[in-house]
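1. Return a 3D structure for these sequence lines:
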Amino acid sequence: MSLSSISDHATYRDAWDQKLQQLEPAFRQVSSYSTDVLKEILNWGPLSYCIPKRFGGRFESSVEYHEICEIASYYSLPLGLTLGISGTLFLLPLSLYGQEALQARVFADFMKKPSLGGLMVTEPDFGTDVFGIQTSYTKNDGRIHIEGVKHWQGLTGLADYWLVAARRKLDDNRLARHVEFFTYEASTGGMEVQEVFSSLGLCSIPYGRTRLDLDLPVQNRLGYESNMSGVRIAYDTLHRSRFQMPTLAAGFIRRLVDESRVYTRDRKVFGNRLQDYDQVQYRLAQLQAGHTVCSAFCANVADSIDAKPDLTKDGLIANVFKAVSTDLMFDCAHSSVQLHGANGYHRDLLPGQGLADCRPFMIFEGSNDILYETIYSVFCAEMQKAGVSSLAGLVKTHELFQYAVPELVSLLDFSLGENIPQRKMVVLGRILARSVSLSMVQALREQDVSDDLVENASSFLVCEIERELSHARHLPTLILTDDQPQPSWWRMRS
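-> Residues are numbered from 1 along each chain as shown. Here you go, the predicted model:
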């Protein structure tokens, strides 16, 4: 029986795991897997989880697709991200906001042949400032003409379909304030890949710069039939992707835990097993805690995502999910490299490859520093609205902290003060994000999760919060001076 013909999710999920395990050697290549391997995987039908059943897909719950992506990330983080890009950033927005006839045509292509979709938003001069992009469109006689340059779009030159972000050019050549999204088939032409970047990691996903000169029907605009605004579509799509980030992190860190436990069990140092040393035990426990935290996020998403018609107003929790889970990915990869010693520096082994692969997750879809500042700002506004002046007061009244109130009140019983510099806002955002994480970990007690796992992850997060609190209290007022470093200045003694 072919994998794509399996209708039961549990059966498909287990078969998917077994199939990817058989491809393990292909995932461990220096350049990662080939496009032929990717086509084989796509023929198994994982993207059908993002296509509604009325179009022949198997979509019933976003959680099922998250499970598929978690397993993919266990074997290959680039594969998990590829499915995330094509599913969460292309197919799901199209299924929610695309015109019915357009959906039918595109989904039919995905069901009958291995296909990929991507999202084009960022530009050479506009990364974080998404709503300032200069790619423009004009409308004439029922057609849309798009011009501009995009860069760092995942699957450059490889995706068959794209969602392209653009702003309408007004009569005076100014650009409208709002961004709109358009579906475009790459084979139609008008997409010139000017450069494919030499990326440090995620080598199976081409990134580059593409010049656009596109002509398409006006019906290809997302929200065309419902008159949904591009801003709302942008936030909903971005938040859905951030809701999925813990899934990719959980699969990736789970593999790091497994690899590190096996290596430290078998490796002998001074006649003892490496895992018998206390510092090694500490690092292994940190890895395990990182996986528990990401799993707590996944459990929270599973309880909520399908009950919400859109995630436009869920920016706060989406930012927490994305920032904390991607920080944990990098921290865990760093620890795994350290545990593997010199072997961790092999490019074709998981720890070293994973370190390079996971680093950009802290940058794309919102730099974590910016997300932490935003988290602080949102909570600060809610404190003012509730009339509380201390973080402990916020903890007592906000539902996101409800499972960890006693622990957090004792940690956060201080007032914020006024005129807080940006660098301190970022640190306070890190504290608040990890406080939310602690509450979600504590909530796992209601799901019959091992008390040892919950206690371990809770202790880990409390240590993280205390460390950040110390950082916030003693944050240095470092200032960049105009002095230029001189060669060997340290040798210049009179």
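
2. where in the chain is pLDDT low?
-> Scanning the chain with the threshold set as pLDDT under 70 gives 1, 29-32, 489, 492-494.

3. how about the strands of it, start to end?
-> In chain order, the chain shows strands spanning 117-120, 136-140, 143-151, 161-169, 175-185, 191-196, 208-217, 268-269, 272-273, with DSSP state E as the criterion.

4. Now distance to Gly429 and mean neighbour count too, for those, in TSV please.
-> C-beta: built from backbone N, CA, C; applies to glycine. Formatted as TSV, the entries for those read as follows, by distance: least, C-beta to C-beta, whole Å; neighbours: other C-beta atoms under 10 Å:
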stretch	distance to Gly429	mean neighbour count
strand 117-120	26	26
strand 136-140	34	15
strand 143-151	28	19
strand 161-169	27	23
strand 175-185	25	19
strand 191-196	35	14
strand 208-217	32	17
strand 268-269	40	10
strand 272-273	40	12
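
5. export these to JSON lines and tack on distance to Gly223?
-> Output for the strands of the chain, formatted as JSON lines (distance: least, C-beta to C-beta, whole Å):
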{"stretch": "strand 117-120", "distance to Gly223": "15"}
{"stretch": "strand 136-140", "distance to Gly223": "14"}
{"stretch": "strand 143-151", "distance to Gly223": "13"}
{"stretch": "strand 161-169", "distance to Gly223": "12"}
{"stretch": "strand 175-185", "distance to Gly223": "8"}
{"stretch": "strand 191-196", "distance to Gly223": "23"}
{"stretch": "strand 208-217", "distance to Gly223": "14"}
{"stretch": "strand 268-269", "distance to Gly223": "60"}
{"stretch": "strand 272-273", "distance to Gly223": "59"}
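
6. For Leu438, list the residues it contacts.
-> By C-beta atoms under 8 Å, 6 or more residues apart in numbering, the contact list for Leu438 reads 404, 407-408, 458, 461-462, 465.

7. How about Ala104?
-> Taking C-beta under 8 Å, 6+ apart as the definition of contact, the neighbours of Ala104 are Phe55.

8. Break the chain down into its domains, please.
-> The record's domain split for the chain, according to automatic domain parsing, is 3-115, 119-226, 231-362, 368-473.

9. Which among those domains is found nearest to Trp490?
-> Shortest distance between Trp490 and those, using C-beta to C-beta, is found for domain 368-473: 28.0 Å.

10. The closest one spans what distance, first to last residue?
-> One end of domain 368-473 sits 21 Å from the other (C-alpha to C-alpha, to the nearest Å).

11. Check stretch 196-204 too.
-> With C-alpha to C-alpha as the measure, the first residue of stretch 196-204 is 12 Å from its last.

12. cool, stretch 397-412 as well?
-> 13 Å.

13. What are the contacting residues of it?
-> Applying C-beta under 8 Å, 6+ apart, the set of residues contacting stretch 397-412 from outside is 316-317, 379, 382, 386, 388, 390-392, 394-396, 431, 435-436, 438-443, 445, 458, 462, 465-466, 469.

14. Would you mind giving me the ChimeraX syntax to select the buried ones in the residues you listed?
-> The command below creates a ChimeraX selection of those among the contacts of stretch 397-412 that count as buried (16 or more other C-beta atoms under 10 Å):
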select :316,317,379,388,391,392,394,395,431,435,436,438,439,440,441,442,443,458,462,465,469
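
15. Counting only helices, which of the contacts of stretch 397-412 make the cut?
-> Judged by DSSP state H, helices contain the following of the contacts of stretch 397-412: 316-317, 379, 382, 386, 391-392, 394-396, 431, 435-436, 438-443, 458, 462, 465-466, 469.

16. I'd guessed Asp236 sits against Leu311; true?
-> Yes - at 5.3 Å, Asp236 and Leu311 qualify as touching, with contact defined as C-beta atoms under 8 Å.

17. Which residues are in contact with Pro246?
-> Each residue near Pro246 by C-beta under 8 Å, 6+ apart is listed here: 294-295, 297-298, 301, 321, 325.

18. Swap in 7 Å and give it another go.
-> 294, 297-298, 301, 321, 325 (C-beta atoms under 7 Å, 6 or more residues apart in numbering).

19. longest single helix anywhere in the protein?
-> Under DSSP H, the chain gives helix 230-266 as its longest helix.

20. Only the buried residues of that helix, if you could.
-> Residues 230, 233-257, 259-260, 263-264 are the ones in helix 230-266 that count as buried (16+ other C-beta under 10 Å).

21. tell me the angle of that helix relative to strand 175-185?
-> In terms of direction (axes from the mean of the first three to the mean of the last three C-alpha atoms, to 10 degrees), helix 230-266 departs from strand 175-185 by 60 degrees.

22. before we move on, back to that, want to throw the contacts of Leu438 into a markdown table with distance to Gly190?
-> Below are those laid out as a markdown table (distance: C-beta to C-beta, whole Å):
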| residue | distance to Gly190 |
| --- | --- |
| Ala404 | 52 |
| Glu407 | 56 |
| Leu408 | 53 |
| Ser458 | 53 |
| Leu461 | 49 |
| Val462 | 54 |
| Ile465 | 51 |
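
23. what's the closest of those residues to Phe181?
-> Within the set of the contacts of Leu438, Leu461 lies nearest Phe181; the separation is 36.9 Å, counting by C-beta to C-beta.

24. List the contacts of the closest residue to Leu328 other than its chain neighbours.
-> Nearest in space to Leu328, with sequence neighbours left out and distances taken as C-beta to C-beta, 6 or more residues apart in numbering, is Gly290 at 4.2 Å. Residues touching Gly290, when contacts are defined by C-beta under 7 Å, 6+ apart, comprise 253, 328, 331-332.

25. which of the residues you listed sit farthest apart?
-> Taking C-beta to C-beta as the measure, these have their most distant pair in Ile253 and Asp331, spaced 9.4 Å apart.

26. now the longest helix of the chain and strand 161-169, what's the angle there?
-> When the same axes, to 10 degrees is applied, the directions of helix 230-266 and strand 161-169 differ by 140 degrees.
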